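>>> here is my input, please return the structure:
(chains A and B)
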Amino acid sequence: MTQHELRLRLARRGIPWTCLFELTYRCNLQCVHCYLGTNNPKEMNTDEVCGVLDTLKQVGCISLILSGGEIFARKDIVKILQYARASHFALRLFTNGTLIDRAMAEAIAQVKPWVVEISLYGFRDVHEQVTRVKGSFDDTVRAIEILRGRQIRVYVKSVVMKQNWAELPGLQQYVQRKLKVQWRSIDGGLQISPCDNGSKRPFLFRLSDRQLEKYMLAALTLNKTAKRNPEIRAAGENEHVCGAAFTACNITPSGELNPCLQIRAKDNSLKSKSFTEIWQEHPLFRQLRSLRRGDRQECLGCKDSVHCFLCPGMALIERGSLSARSPEACRLARGWKNAYRLLDKHLA
Amino acid sequence: MDILSKIPKKSPDIASRIIDEEAIIISLGQSGSGETIEVLNFTGTKIWELIDGKKSVSEIVRRLTETHDEPGKIVEADVVGFFNKLLTSKFVYF
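Numbering: from 1, shown residues only, chains lettered A, B, ... in the order given. This next block holds a predicted model:
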């Protein structure tokens, strides 16, 4: 059975395959593009976090992503990791890596995570322009090397920004050849979100149309998965738009259950309502589950749709509606279409 | 290999859930390899639940025979076959 098949099998039974659990909003870096606002909510303590893990296990969730902020900023992180592993979750850890020393790597190895995903934004100068912390590049690279030495699967990922787009193809090669770990997808880091507090400051770092095309062409050329005339299946109008509230959910450090990182609900505290009550009955969750591709009236018949990453969360932020057309998704889709066209010309 | 006397243990490299009497097992794999996902049927799930690192395969066969109508030898052959599959998938080890 593939992971996709399992996700759908669980979703049909009303079970989220995965939960992205934000353990803290505290972080030792100050990344310029970070979507987290300045508010640090009261975090759940160790027992409360473990209680949430019990709930997730009980409802059948298998894949657990622990994210932040920086998860290793929590003093009880090893206890949480051990509890999660004892609960038989498939663990994915999102981190900047800078707080992982040999002792922490040993603790991580003991809990056998599925993967540790580490953010790297460029080579030293660019990375530290983004993180705004001197020495963070070396600390992150050291963590990658330590983890790899412990046979822990590591993925390195990035966010594509004005500051770093030109050197990301080179960074990918460095990660794969020198650090000998996997580079996590070429397109996942293109979507830059606004801050949770509504600030659109991170949009300043989005690439121009011209930069987008150049980056996409370089990424397609570099990656062996790139094919001339890609056959991308046109999705049916009755298909779900995304996995939020269907195969996936998000929990905040203070214990609020959301459909995803982009779509934050209200009246959703696990301290006052059960997981099942929110998951099954909350209007926003129900609305997302019922959303189909065909509901995006503005997108019907769009010739770029095969390249489009439909994100209801982004549409909600940009246009105030989950089913609206997202101008940024359109821009990215146009970028891919043009990049493929240039690639075709290049290969001809 | 005679596995009847051996005591199976669940691999630490897996994630698992039992949902509606079906065991879902995911092999988390080693660095560089992908995952394997299996959903066990009702009997497979019963066997999975009996694996506790203390019972031998023959003890698991005996427990299953108590609740099955089939002759013990048939149950034994099925269970041994099932454990060989679990071993191949690295979901268990002895």
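
>>> okay, CA-based contacts and neighbour counts for the rest of this
Fine.

>>> what's stretch B:72-83 in contact with?
Around stretch B:72-83, the neighbours that count as contacts under Cα atoms under 8 Å, 6 or more residues apart in numbering or on different chains are B:3, B:4, B:44, B:57, B:58, B:61, B:62, B:64, B:65, B:92.

>>> for that stretch, the averaged confidence score.
Across stretch B:72-83, the average pLDDT comes to 90.

>>> so what's residue B:87 up against?
residue B:93.

>>> try 10 Å
B:8, B:10, B:11, B:81, B:93, B:94 (Cα atoms under 10 Å, 6 or more residues apart in numbering or on different chains).

>>> so what's the fifth one bridging to?
For residue B:93, the beta-bridge partners under DSSP bridges are residue B:9.

>>> can you get me a residue count around it?
Residue B:93: 17 surrounding residues under other Cα atoms under 10 Å in any protein chain shown.

>>> what parts of chain B come near chain A?
Neighbours of chain A within chain B, by Cα under 10 Å from any Cα of the partner chain: B:12-20, B:24-39.

>>> if you set the cut-off to 7 Å instead, what comes out?
Selection of chain B residues close to chain A by Cα under 7 Å from any Cα of the partner chain yields B:13, B:15, B:16, B:17, B:19, B:28, B:31, B:32, B:37, B:38.

>>> how far away is the nearest residue to residue B:6 once chain neighbours are set aside from chain A?
In space, residue B:6 comes closest to residue B:56 once its chain neighbours are excluded; the distance is 5.2 Å by Cα to Cα, 6 or more residues apart in numbering or on different chains. For residue B:56, the distance to chain A (Cα to the nearest Cα, to the nearest Å) stands at 22 Å.

>>> quick check: residues of chain A near chain B?
Residues of chain A found near chain B (Cα under 7 Å from any Cα) are A:1, A:2, A:60, A:62, A:88, A:89, A:90, A:112, A:114, A:151, A:152, A:153.

>>> could you look up the SS state of the nearest residue to the first one once chain neighbours are set aside?
In space, residue A:1 comes closest to residue B:37 once its chain neighbours are excluded; the distance is 5.6 Å by Cα to Cα, 6+ apart. Using DSSP: H, G, I helix; E, B strand; the rest coil, the structure places residue B:37 in strand.

>>> could you give the number of residues near residue B:37?
20.

>>> swap in residue A:200?
Neighbourhood size, residue A:200 [other Cα under 10 Å]: 15.

>>> what does the pLDDT read for it?
85.

>>> pLDDT value on the nearest residue to it once chain neighbours are set aside, please?
In this structure, residue A:200 finds its nearest non-sequential neighbour in residue A:194, 4.7 Å apart by Cα to Cα, 6+ apart. Turning to residue A:194, the model gives it a pLDDT of 84.

>>> could you measure from residue A:194 over to residue A:210?
22 Å (Cα to Cα, to the nearest Å).

>>> out of these two, which sits in the more crowded spot?
Regarding residue A:194 and residue A:210, a neighbour count based on other Cα under 10 Å identifies residue A:194 as having more, with 22 against 10.

>>> isn't that one up against residue A:34?
No. Checked against Cα atoms under 7 Å, the pair residue A:194 and residue A:34 is beyond contact range at 8.4 Å.

>>> rewinding a little: pretty sure the residue nearest to residue B:6 contacts residue B:5?
Yes. Under the criterion of Cα under 7 Å, residue B:56 makes contact with residue B:5 at 5.7 Å.

>>> settle it for me: which of those two has more neighbours?
Neighbours were counted for residue B:56 and for residue B:5 using other Cα under 10 Å; residue B:56 has more, 20 against 11.

>>> and which of the contacts of residue B:87 is nearest to residue A:27?
If you rank the contacts of residue B:87 by distance to residue A:27 using Cα to Cα, residue B:11 comes first, at 34.2 Å.

>>> relative to residue B:82, how far out is the closest residue to that closest one other than its chain neighbours?
Counting by Cα to Cα, 6+ apart, residue B:92 is the residue found nearest to residue B:11 once chain neighbours are left out, at 4.9 Å. Distance, residue B:92 to residue B:82, using Cα to Cα: 11 Å.

>>> with residue A:198 instead?
Where residue B:82 is concerned, residue A:198 sits at a distance of 55 Å (Cα to Cα).

>>> those two: who's more crowded?
It is residue B:82, of residue A:198 and residue B:82, that has more neighbours when counted by other Cα under 10 Å, with 15 against 12.

>>> the longest helix in the chain is where?
As the question left the chain open, I've gone with chain A. Scanning chain A for the longest helix, with DSSP state H as the assignment, gives helix A:327-347.

>>> wait, chain B
Assignment by DSSP H gives helix B:72-88 as the longest helix of chain B.

>>> any idea how far that helix is from the chain center?
Centroid separation for helix B:72-88 versus its chain: 8 Å, with Cα atoms, centre = their mean, to the nearest Å.

>>> for it, which positions count as buried?
B:75, B:76, B:79, B:80, B:83, B:86, B:87 (16 or more other Cα atoms under 10 Å in any protein chain shown).

>>> next, count neighbours for residue A:301.
Neighbourhood size, residue A:301 [other Cα under 10 Å]: 8.

>>> residue ranges in the stretch 201-348 of chain A under the pLDDT threshold?
A:224-235 (pLDDT under 70).

>>> okay, strands next: where are they in it?
A:248-251, A:257-258 (DSSP state E, counting those that start in this stretch).

>>> just name the most buried of those strands.
Highest mean neighbour count among the strands of the stretch 201-348 of chain A (mean count of other Cα atoms under 10 Å in any protein chain shown): strand A:257-258, with a mean of 26.

>>> give the pairing partners of that strand; include direction for each.
Applying DSSP bridges, strand A:257-258 is found paired with strand A:248-251 (antiparallel).

>>> convert the strand it pairs with to PDB, retaining C-alpha atoms only.
The C-alpha coordinates for strand A:248-251 follow below in PDB (Å, rounded to 0.1, in the frame of the first residue of the first chain):
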ATOM      1  CA  ALA A 248      -4.200  16.500   8.100                       C
ATOM      2  CA  CYS A 249      -4.500  18.800  11.100                       C
ATOM      3  CA  ASN A 250      -2.500  21.300  13.100                       C
ATOM      4  CA  ILE A 251      -2.200  21.800  16.800                       C
END
